[in-house]
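Asks: test case, fold it:
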Amino acid sequence: MQSGLPKMTSRVLVSLYTTDAGSLTATELVQHLQVSPASISKAVTLLEGQGLIRRERDERRRERYLVDDDVWYQGMITAARSHAQLAETARQGVSLLGPDTPAAARLEGIARFVDFVGESMIRASEQAREVLYTSPGATSDGAAEQGSDRG
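Replies: Numbers count the residues shown, from 1 in each chain. The predicted model follows:
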């Protein structure tokens, strides 16, 4: 919730992250959280839109909501795209207001800032993606680390 997600959406996300399988059906979420199917549907729609979960059909043709190692990467890329749209909207505002106005200068600053942050997010996500697939205590060559201070 501290990252801006509504309470129910946070509860659904936490439920998915803390299940060993990394996936649950809507029915399982309803039972686990003791809420209505509509609440789950709304939360899932928001989480999917932000790239934080994905859905698949299982062998019984039920929709399963999943989190996996790649979801964090995809979520960051989705957020970066959202930043790019915000920057474009700010630049459209500059055109509408005229480049020599204080409001346009503010919008241009916002656009440059958001562009920089979005591009940095993409670069960092690409560089860090391997972390999502590396076991704790393993080095990049797959060997276990000796004497790690992490704990």
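
Asks: could you check how far Met8 is from Thr45?
Replies: Distance, Met8 to Thr45, by Cβ to Cβ, to the nearest Å: 11 Å. Placement of C-beta: from N, CA and C, glycine included.

Asks: those two: who's more crowded?
Replies: Met8 (17 against 11; other Cβ atoms under 10 Å).

Asks: quick check, the more buried one in contact with Ser39.
Replies: Yes: Met8 is within contact range of Ser39, at 5.3 Å (criterion: Cβ atoms under 8 Å).

Asks: tell me the mean pLDDT for the helix or strand containing Ala128?
Replies: Secondary structure from DSSP states H and E places Ala128 in helix 102-128. Helix 102-128 shows a mean pLDDT of 94.

Asks: coming back round to it: which neighbours do Met8 and Ser39 have in common?
Replies: By Cβ atoms under 8 Å, 6 or more residues apart in numbering, Met8 and Ser39 have these common neighbours: Leu33.

Asks: roughly how far does the closest residue to Glu108 other than its chain neighbours sit from Gly137?
Replies: Distances taken as Cβ to Cβ, 6 or more residues apart in numbering put Val94 closest to Glu108, at 5.2 Å, once the chain neighbours are dropped. Per Cβ to Cβ, Val94 is found 50 Å from Gly137.

Asks: could you do Ile40 as well?
Replies: Applying Cβ to Cβ to Ile40 and Gly137 gives a distance of 36 Å.
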